[in-house]
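**Q** Next comes the sequence, and after it the predicted model I'd like to discuss.
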Amino acid sequence: MPHGDITHIDIPVSDLDRAAAFYGELFGWEISAPPGFEEYPMWQAPNKISGGGLAPRSADFTQPRSYVEVDSIDDVLAKAQAAGATVVMEKTPITETSWWAVFRDPDGNDIGLFEGVVGM
């Protein structure tokens with residue numbers, strides 16, 4: 001996906017099995033955990049384009065979060081900060097070829113960033 005596309009949406013849940021059954025039945029999503037990510041089942045919409053994950057709910061992750069694919073997380077975080085955003089989570093590896101980060105925009109919205117290729 002090109003720079004700027006929304007590539008992923010995480011939904012915070014308290015019970016992974018219950019959430020997988022709920023969303024699978026409600027929307028027809030295919031839901032499975034990729035090898036190495038057993039506690040993070042991924043969902044795929046019927047269009048085979050939209051997707052995301054069912055992530056464990058925590059005190060600082062209570063609302064769905066969109067992730068935007070970018071060419072450089074470092075560059076985007078710097079631009080976001082210069083425009084008034086704050087970094088919630090620094091660039092962190094997912095795999096050897098992919099990374100993620102989260103910033104909070106000036107209105108208080110948390111936006112995720114994704115860079116790289118996930119080789120799962």
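**A** Happy to help now that I have it.

**Q** Residue most distant from the centroid, this protein?
**A** Relative to the mean C-alpha coordinate of the chain, counting by CA atoms, centre = their mean, the farthest residue is Ala82 (23.1 Å).

**Q** Would you mark the buried spots in the longest helix along the chain?
**A** Using DSSP state H to define each element, the chain has its longest helix at helix 16-27. Buried residues in helix 16-27, counted by 16 or more other CB atoms under 10 Å: Leu16, Ala19, Ala20, Tyr23. Yep, even glycine has a C-beta here, placed from its N, CA and C like the rest.

**Q** do the same with stretch 44-56
**A** Residues of stretch 44-56 classed as buried: Gly51, Gly52, Gly53, Leu54, Ala55 (neighbour count, 16+ other CB under 10 Å).

**Q** cool, and stretch 90-110?
**A** So, applying 16+ other CB under 10 Å, buried residues of stretch 90-110: Lys91, Trp99, Trp100, Ala101, Val102, Phe103, Arg104, Asp110.

**Q** Reformat those as JSON lines; add pLDDT, distance to Ala45 and secondary structure.
**A** Output for the buried residues of stretch 90-110, formatted as JSON lines (pLDDT from 0 to 100; distance: CB to CB, whole Å; DSSP: H, G, I helix; E, B strand; the rest coil):
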{"residue": "Lys91", "pLDDT": "98", "distance to Ala45": "27", "secondary structure": "strand"}
{"residue": "Trp99", "pLDDT": "97", "distance to Ala45": "24", "secondary structure": "strand"}
{"residue": "Trp100", "pLDDT": "96", "distance to Ala45": "20", "secondary structure": "strand"}
{"residue": "Ala101", "pLDDT": "98", "distance to Ala45": "24", "secondary structure": "strand"}
{"residue": "Val102", "pLDDT": "97", "distance to Ala45": "23", "secondary structure": "strand"}
{"residue": "Phe103", "pLDDT": "97", "distance to Ala45": "26", "secondary structure": "strand"}
{"residue": "Arg104", "pLDDT": "95", "distance to Ala45": "27", "secondary structure": "strand"}
{"residue": "Asp110", "pLDDT": "94", "distance to Ala45": "22", "secondary structure": "strand"}
